[in-house]
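# this one's structure only:
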């Protein structure tokens, strides 16, 4: 049975990913900062008929927490097949380039960028033991420099000095990581679930968590000929879903 670790999985898109991966027969580690809350979520999911799900405590900004989670997965599975770097924060809005507090920017980057690097580096050893390892970094269209430079883009007027830039940095890291692992069976991609109605944005987005999770899984569970080092977005209106960087 393949295993998947999803950070920030106790609600919203992460929770829906847990459900859909479970239905597909994977063993799911539901990553959560609060283990008690995570266990409550798993209990509810079990009552709803979902199987092979375990809450695992992981705070992506805490090296000790990440190491402890890695040790749990290693002792129970011996490897990890899929890593979904889903945990993220938006930070306080608005985020003007001229006056957003630098500590606020650091806080967002600690989770959205440095947190992803910390988790990825910690679990890389276990992923290399998988026959078909996958790393999906959950990003945002707001990280696309090309789109942000296009006045006709529907979200052109929404600029954010912390959140958007953290996702741009994450996209860049994805490219570098994919290149480093290109001669191994890894597939490493940045995936934007689209503007989705979640707690993250006070349920303002037009997309559903079901659609967002399905899109992420589609571009994660690829075969050996699947792409790597790509940027996919659920907001791109063509069948490839490829987004400009």
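Received, thanks. Computed from a prediction, not measured in an experiment: that's the story for all the values here. Numbers count the residues shown, from 1 in each chain.
# ok, the most centrally placed residue in the chain - contacts?
Centroid check for the chain by C-alpha atoms, centre = their mean gives residue 86 as the closest residue, at 2.5 Å. Taking C-beta atoms under 8 Å, 6 or more residues apart in numbering as the definition of contact, the neighbours of residue 86 are 6-9, 13-14, 17, 31, 138. (C-beta placed from N, C-alpha, C; glycine too.)
# So which of those sit within strands?
Among those, the members falling in strands are 6, 31, 138 (criterion: DSSP state E).
# Neighbour count says what about these? Which are buried?
The neighbour-count criterion (16 or more other C-beta atoms under 10 Å) marks 6, 31, 138 among the ones in strands among the contacts of residue 86 as buried.
# how close does residue 148 get to residue 186?
Residue 148 sits at a distance of 29 Å from residue 186 (criterion: C-beta to C-beta, to the nearest Å).
# picking that back up, so which of the buried ones among the ones in strands among the contacts of residue 86 comes closest to residue 45?
residue 6 (12.7 Å; C-beta to C-beta).
# For that closest one, name its beta-bridge partners.
Residues found in beta-bridge contact with residue 6 (criterion: DSSP bridges) are residue 30, residue 84.
# between residue 148 and residue 186, who's got more neighbours?
With neighbours defined as other C-beta atoms under 10 Å, residue 148 and residue 186 compare such that residue 186 has more, 20 against 17.
# okay, now the closest residue to that one other than its chain neighbours: neighbour count?
Here the nearest residue to residue 186 in space, its sequence neighbours aside, is residue 133; by C-beta to C-beta, 6 or more residues apart in numbering that works out to 5.0 Å. By the other C-beta under 10 Å criterion, the neighbourhood of residue 133 contains 22 residues.
# got it, and residue 37?
The number of residues near residue 37, taken as other C-beta under 10 Å, comes to 13.
# same thing with residue 184?
By other C-beta under 10 Å, 12 other residues sit near residue 184.
# Test my guess that it contacts residue 128.
Yes: contact criterion C-beta atoms under 8 Å: residue 184 and residue 128 qualify, at 7.1 Å.
# OK, contacts around residue 182?
Counting by C-beta under 8 Å, 6+ apart, residue 182 touches 228-229.
# if I pick residue 100, what's in contact with it?
Residue 100 sits next to 94, 161-162 when contact means C-beta under 8 Å, 6+ apart.
# With residue 24 instead?
Applying C-beta under 8 Å, 6+ apart to residue 24 gives the contacts 217, 221.
# what are the ranges of the strands in the chain?
Taking DSSP E as the criterion, the chain carries its strands at 3-6, 27-32, 53-57, 82-85, 134-138, 187-192, 231-233.
# Report the inter-axis angle for the fifth one versus strand 187-192.
Taking axes from the mean of the first three to the mean of the last three C-alpha atoms, to 10 degrees, one finds that strand 134-138 is oriented at 20 degrees with respect to strand 187-192.
# Show me what strand 134-138 is packed against.
Using 3 or more C-beta pairs under 8 Å, 6 or more residues apart in numbering; DSSP states H and E as the contact criterion, the secondary-structure elements in contact with strand 134-138 are strand 82-85, helix 115-127, helix 163-180, strand 187-192.
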